[in-house]
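# Need coordinates for the following:
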Amino acid sequence: MDRYRRVAVFLLANKGSSIRMFKKKNNGLTIVHNDTLLFLSAAGTALQVDHSLSLTAFLEDDTQAANIPPAVLNRINRLLIVPDYWIGQADLSLQSRKRSIVEAFVERKLTAEHTDLPDIGLFYGYSLATHPSEEDRIHTFFLQDPLAYKLYDKLQSIDATPHDITTPAYIWEKKLLKMEPDAINTGVGLVQKHSLESYLYFYHQGMFSFSRSIQFSTLSDESAEALQALTYEINQSVYLFSQKKKSELESIFIHSARKEDAADLADNLGREVRALDVDGEGQEPSPELEHSLGPCSVFSSQDVAPSAKFSGIAQKIHGRTRAWHPIQRAGIIIGVILILILGGEYAYLVKWSKLTMTSDNIGWMAEQHHRELMDLYNDSLNVLLQETRAPTASTTLLTLAGCLPINVKVTEMKLSLTDAPMVVLACIVRAENMVVFRETLTGLIDNLGNAFYKSPRLTKHDVVLGETIAGEGYVDYPIRFQVRLL
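The predicted structure follows:
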């Protein structure tokens, strides 16, 4: 119930988006670091902090939002960067690569495994594995910290809804892919070293695996104790990486203001450590900026721009609404152009109608009128033929019903009779055992193939099998598939 309430609130909050979509607003972003919420904007290629406040106070005290400057709130919140541990990851297996089937499968799995997060079906993303050995793997990432949902609701209540949610690890993933494309596709470790804290990131086959943060307490970042502590944590993380991925870490990079750290760390680890320079002109973030932004202090405005195309999570309804904006803009532009064309044609016809009509003109007009009538008749006839050949809902439903074996029960049906007619079915197959189930499935596929012989023939690989439900003397096998209607 909370999920539907969230969708309703979102739609009400964005009901004027179509009217405002041409209104120019500045872009901004928000960052969560420790217990601080920061509002930032771009200052050239750098990021500047415009306002910061306690995250706990912002979530628990409604008066805190009133202290945020109007200039900060009156802009588009393009991005929310949260700590790495706020976003969880999971690898799922599914042979199908059809978007509708994959999304339904991922949402069902996440909802079943995280019953304490009722809105998890609105906050997830996924990517399909490209490695030949993992063709059926789906890498999913989702909001796993309840605090993330509270923060999203709070930002939405002050009209600062973030378009996307990501983490420093995902931004580093795209930076490494751009700077070290060969290394990132193997096993890579990255050390981001600050004065009192360091961050470790690990990637496997181009995807983020896990991260860790290390506090140096009061130790100087140049002290031997700090270097020893960092070496110990890296060795522990490398061992964890090899256990999780069954693969060796092939490269280690370090980003640090102290250039000697790469050589010192290489001596301690007994392996090559390559220095990574991402600061362009060599400008390092100030200690104050490191303390405020943590791992985000080294990012530029280009790193966090939508064009960077890093992994992120967009609220499901919000994402679909944004996807329609280009179509809406195109429709408005086409409408304006048509108005101008039709207005010009109307003015021309009015002017032309005032001319003195001769007998030759009258004959020419009659011939033109006859041709126009014939063209209109031909167009209408073509439309009528197309409509009569298109499948109707009643015919399609009767045909589908005749294809279903007696032990198959339909639980959900989505029928589309647009330019690409299609029907998506969710069914329950009740069978005594797997042998009977397979026979029933084969019969169902044969019936559909015979009934819709002009459509691509369905195979067993196109049918998604859900979790079975055992009964007394029978088993219910949930299945889901789609059939194109040509």
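# quick one: average confidence on stretch 344-351?
Averaging pLDDT along stretch 344-351 gives 81.
# try stretch 67-79
Average pLDDT, stretch 67-79: 90.
# and for it, what are the contacting residues?
Stretch 67-79 is contacted from outside by 25-30, 39, 41, 50-51, 53, 155, 158-166, 304, 306, 312, using C-beta atoms under 8 Å, 6 or more residues apart in numbering. For every residue, glycine as well, the C-beta is placed using N, CA and C.
# Narrow those to those that are buried.
Buried members of the contacts of stretch 67-79, scored by 16 or more other C-beta atoms under 10 Å, are 27-30, 39, 41, 50-51, 53, 155, 160-166, 304, 312.
# Out of the residues you listed, which sit inside helices?
Among these, the members falling in helices are Leu155 (criterion: DSSP state H).
# Low-confidence ranges, the stretch 1-150 of the chain, go.
1-25, 131-133 (pLDDT under 70).
# Pairing partners for the nearest residue to His51 once chain neighbours are set aside in the sheet, please.
Nearest residue to His51 in three dimensions, chain neighbours excluded: Phe39, at 4.5 Å (C-beta to C-beta, 6 or more residues apart in numbering). For Phe39, the beta-bridge partners under DSSP bridges are Thr30, His51.
# Likewise for Ala426?
Glu412, Arg480.
# Look at it and say how many residues are nearby.
Using other C-beta atoms under 10 Å, Ala426 has 16 other residues around it.
# before we move on, what about Gly270?
Applying other C-beta under 10 Å, we find 8 residues neighbouring Gly270.
# Show the pLDDT at Ala390.
Looking at Ala390, the pLDDT reads 57.
# Just the contacts of stretch 67-79: which are in strands?
Among the contacts of stretch 67-79, the ones falling in strands (DSSP state E) are 27-30, 39, 41, 50-51, 53, 164-166.
# right, and the residue nearest to His51 touches Gln48 too?
No - with contact defined as C-beta atoms under 8 Å, Phe39 does not count as touching Gln48 (10.1 Å).
# Ala57: which element?
Per DSSP states H and E: Ala57 is located in helix 55-60.
# same for the longest helix anywhere in the chain, what does it pack against?
Longest among the helix segments of the chain by residue count, using DSSP H, is helix 316-353. Packing contacts for helix 316-353, counted by 3 or more C-beta pairs under 8 Å, 6 or more residues apart in numbering; DSSP states H and E, involve helix 2-13, helix 17-20.
# next one: it to chain centre, how far?
The chain centroid and the centroid of helix 316-353 are separated by 30 Å, computed with C-alpha atoms, centre = their mean, to the nearest Å.
# What is the burial count for Asn67?
11.
# likewise Phe142?
23.
# what distance separates stretch 453-469 from the middle of the whole chain?
On C-alpha atoms, centre = their mean, the centre of stretch 453-469 falls 26 Å from that of its chain.
# State the separation between stretch 165-183 and the centre of the chain it belongs to.
17 Å.
# same thing with stretch 119-129?
In terms of C-alpha atoms, centre = their mean, the centre of stretch 119-129 is set 7 Å apart from its chain centre.
# Check stretch 42-56 too.
Relative to its chain's centre, stretch 42-56 lies at 25 Å (C-alpha atoms, centre = their mean).
# Just the C-alpha atoms of it, please, in PDB.
What follows is stretch 42-56 as a C-alpha-only set of coordinates in PDB (Å, rounded to 0.1, in the frame of the first residue of the first chain):
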ATOM      1  CA  ALA A  42      29.200  23.500 -10.800                       C
ATOM      2  CA  ALA A  43      31.700  26.400 -10.800                       C
ATOM      3  CA  GLY A  44      33.400  25.800 -14.100                       C
ATOM      4  CA  THR A  45      34.900  22.400 -14.000                       C
ATOM      5  CA  ALA A  46      35.000  22.300 -10.200                       C
ATOM      6  CA  LEU A  47      32.200  21.600  -7.700                       C
ATOM      7  CA  GLN A  48      31.300  24.200  -5.000                       C
ATOM      8  CA  VAL A  49      29.300  23.600  -1.800                       C
ATOM      9  CA  ASP A  50      26.400  26.000  -1.600                       C
ATOM     10  CA  HIS A  51      24.800  24.700   1.600                       C
ATOM     11  CA  SER A  52      25.300  21.900   4.100                       C
ATOM     12  CA  LEU A  53      23.300  20.700   7.100                       C
ATOM     13  CA  SER A  54      23.100  17.700   9.400                       C
ATOM     14  CA  LEU A  55      21.400  14.700   7.700                       C
ATOM     15  CA  THR A  56      19.800  13.600  10.900                       C
END
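# buried ones in it?
Using 16+ other C-beta under 10 Å as the test for burial, stretch 42-56 gives 42, 47, 49-53, 55.
# Now that we have the residues you listed, can you turn them into JSON lines and tack on distance to Gln205?
Shown next, in JSON lines, are the buried residues of stretch 42-56 (distance: C-beta to C-beta, whole Å):
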{"residue": "Ala42", "distance to Gln205": "32"}
{"residue": "Leu47", "distance to Gln205": "30"}
{"residue": "Val49", "distance to Gln205": "36"}
{"residue": "Asp50", "distance to Gln205": "38"}
{"residue": "His51", "distance to Gln205": "39"}
{"residue": "Ser52", "distance to Gln205": "37"}
{"residue": "Leu53", "distance to Gln205": "40"}
{"residue": "Leu55", "distance to Gln205": "34"}
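# Please determine how far Leu340 is located from Val350.
According to C-beta to C-beta, to the nearest Å, Leu340 and Val350 sit 16 Å apart.
# nope, Gln156 is what I was after
52 Å.
# of those two, who's got more company?
A direct count of neighbours by other C-beta under 10 Å for Gln156 and Val350 places Gln156 higher, at 19 against 9.
# what separates the more buried one from Asp145, distance-wise?
According to C-beta to C-beta, Gln156 and Asp145 sit 17 Å apart.
# Equivalent analysis for Glu135, please.
Remark: distance between Glu135 and Asp145 (C-beta to C-beta) = 32 Å.
# Please say which of these two ends up with more neighbours.
Taking other C-beta under 10 Å, Glu135 and Asp145 do not tie; Asp145 has more neighbours (15 against 12).
# so what's that one closest to, chain neighbours aside?
Spatial nearest neighbour of Asp145, excluding adjacent residues (C-beta to C-beta, 6+ apart): Trp86 at 4.2 Å.
# So the one you found sits against Lys150, correct?
No - here Trp86 does not reach Lys150: they are 11.3 Å apart, not a contact under C-beta under 8 Å.
# neighbour-wise, which of these two wins?
Taking other C-beta under 10 Å, Trp86 and Lys150 do not tie; Trp86 has more neighbours (19 against 14).
# and that one, what does it touch?
32, 143-145, 147-148, 167.
# and what of Ile87?
By C-beta under 8 Å, 6+ apart, the residues touching Ile87 are 141-144, 148, 165-167, 313.
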